[in-house]
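*Asks:* turn this into a model:
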Amino acid sequence: SLVGGSADDLRAIVLDTAPDVALIATTGVVGLAATVAALEAGVAVAIANKETIVAGGDVVMRAARTAAERKGSDVLERLRPVDSEHSALWQCLAGESLDRVRSLWLTASGGPFRESTAAEIAAATPATALKHPTWSMGAKITIDSATLVNKGLEAIEAHRLFSVPMSQIKIVVHPQSVVHGLVEFVDGSTKAQMGSPDMRGPIGYALGYPVRMASAIPNVDLVAHGSLTFTAPDLVRFPGLAIALEAGRAGGAAPGALIAADGVAVTRFLAGEFPLGGIPQLLRDAVERFGVRSAPASVAEVIALHEEVTLFAERWSGAA
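*Replies:* Numbering: from 1, shown residues only. Coordinates of the predicted model:
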């Protein structure tokens, strides 16, 4: 079920109720302790919180691998991705061997500023940035989608979940949001997963796995769409994406620093206290300052890093 509250509340609810599957759909790292506790208790986790995977990747994936070994199952049966792109990749990889994968492709709608200039993006207001063209989502992820930082976070998440190097994870802008993910194989073939831009699909797949549950979601009508388009992302107009990808390649504490700094930047932007164009600058400074550290090795270390970077970002942006 979907639950809310503090990190301790979430952890207690998961352990006290002992569900078959816990759907954890929080923002930030508040769901980290509950995710790890659930995995350690033998509860499968449907994870809709990319911050947990990005910031606490080593900790979470270690718990997932241990849980899978204990159950004699696949890691992704214990830690089930709910993000539409990662659900798509998971479905495309079913029955496949990872050593036969050439690359994983994540699609991006391009957000509300797909056709905007760099200057227009930098000066955008919260009201404009919250107008996502295809998905209905919360404010935080909608702003991350507008800056394309979200797609960089998703690349890091895919790197963690599927144990594929960052160099093999690609991003393509696909405004129609019909194709959610693609997997290229070494024999030249490519699998793609298509569906309506409706989160009930990936949520249902994660909760029902390995059975596909019947749904009222209509199948994609390709004739009605007529054409689907794909273009490369512009890293000059969307520097936040470039910084997020750099953090993923750097590893260590860089992804966690990215998450914490972005949380502060987006919160301040939504409050009208910080420009959208300032977000990439803050992210870069935070990643450069803290990214040289080694990756956190425990839930406590992940939280400590998050709090330290949050304080840095608040001071940097004038909030403290």
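*Asks:* contacts, neighbours, all on C-alpha from now
*Replies:* Noted.
*Asks:* how is the chain divided into domains?
*Replies:* Structural domains assigned to the chain are 84-110+148-233, 111-147+234-316, following automatic domain parsing.
*Asks:* most packed of those domains?
*Replies:* Neighbour counts (mean count of other CA atoms under 10 Å) averaged over each of those peak at domain 111-147+234-316, with a mean of 19.
*Asks:* I'd like the domains of the chain as JSON lines, with mean pLDDT and distance to Ala64 appended.
*Replies:* As requested, the domains of the chain are exported to JSON lines (pLDDT from 0 to 100; distance: least, CA to CA, whole Å):
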{"stretch": "domain 84-110+148-233", "mean pLDDT": "97", "distance to Ala64": "10"}
{"stretch": "domain 111-147+234-316", "mean pLDDT": "96", "distance to Ala64": "14"}
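*Asks:* could you redo those as a markdown table and give each row distance to Ala22?
*Replies:* Shown next, in a markdown table, are those (distance: least, CA to CA, whole Å):
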| stretch | distance to Ala22 |
| --- | --- |
| domain 84-110+148-233 | 9 |
| domain 111-147+234-316 | 18 |
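*Asks:* wait, which of those domains is closest to Leu32?
*Replies:* Ranking the domains of the chain by proximity to Leu32 (CA to CA) places domain 111-147+234-316 first, at 7.1 Å.
*Asks:* how far does that closest one sit from its chain's centre?
*Replies:* The chain centre lies 12 Å from the centre of domain 111-147+234-316; the measure is CA atoms, centre = their mean, to the nearest Å.
*Asks:* quick one: end-to-end distance for it.
*Replies:* Terminal residues of domain 111-147+234-316 lie 27 Å apart, using CA to CA, to the nearest Å.
*Asks:* repeat that for stretch 265-284.
*Replies:* Length of stretch 265-284, first residue to last, CA to CA: 12 Å.
*Asks:* how about stretch 135-155?
*Replies:* 19 Å.
*Asks:* how about residues contacting that stretch?
*Replies:* With contact meaning CA atoms under 8 Å, 6 or more residues apart in numbering, stretch 135-155 is reached by 27, 50-51, 54, 85-86, 106, 108, 110-113, 129-132, 166, 169-171, 197-198, 238, 240-245, 248, 263, 266-267.
*Asks:* one more time with 7 Å, if that's ok
*Replies:* For stretch 135-155, contacts defined as CA atoms under 7 Å, 6 or more residues apart in numbering pick out 54, 108, 111-113, 129-130, 132, 169, 197, 238, 240-241, 244-245, 266.
*Asks:* quick revisit: nearest to Ala37, of the domains of the chain?
*Replies:* domain 111-147+234-316 (10.1 Å).
*Asks:* follow-up on the earlier one: of the contacts of stretch 135-155, closest to Val287?
*Replies:* Closest to Val287 out of the contacts of stretch 135-155 is Ala244 (9.0 Å), distances taken as CA to CA.
*Asks:* so what's that closest one up against?
*Replies:* Going by CA under 7 Å, 6+ apart, Ala244 touches 149, 152-153.
*Asks:* and it, which helix or strand is it part of?
*Replies:* For Ala244, the enclosing helix or strand under DSSP states H and E is helix 239-250.
*Asks:* now whichever helix or strand comes after that helix against helix 239-250, angle please.
*Replies:* Going down the chain from helix 239-250, the next helix or strand is helix 254-270, by DSSP H and E. For helix 254-270 against helix 239-250, the angle between stretch directions is 160 degrees (axes from the mean of the first three to the mean of the last three CA atoms, to 10 degrees).
*Asks:* need the contacts of Ala244 in JSON lines (columns: distance to Asp234 and secondary structure).
*Replies:* Formatted as JSON lines, the contacts of Ala244 follow (distance: CA to CA, whole Å; DSSP: H, G, I helix; E, B strand; the rest coil):
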{"residue": "Val149", "distance to Asp234": "12", "secondary structure": "helix"}
{"residue": "Gly152", "distance to Asp234": "13", "secondary structure": "helix"}
{"residue": "Leu153", "distance to Asp234": "16", "secondary structure": "helix"}
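*Asks:* out of those, which is nearest to Ala271?
*Replies:* Looking across the contacts of Ala244 and measuring by CA to CA, the closest to Ala271 is Val149, at 18.8 Å.
*Asks:* do me a favour and get the end-to-end distance for stretch 207-214?
*Replies:* Separation of the first and last residues of stretch 207-214 by CA to CA is 12 Å.
*Asks:* chain center to it, what's the gap?
*Replies:* How far stretch 207-214 lies from its chain's middle: 22 Å, per CA atoms, centre = their mean.
*Asks:* what does that stretch rub up against?
*Replies:* 21, 46, 204-205.
*Asks:* next SSE downstream of the helix or strand hosting Asp8?
*Replies:* Per DSSP H and E, Asp8 falls inside helix 7-17. Reading on from helix 7-17 to the C-terminus, the next helix or strand found by DSSP H and E is strand 21-24.
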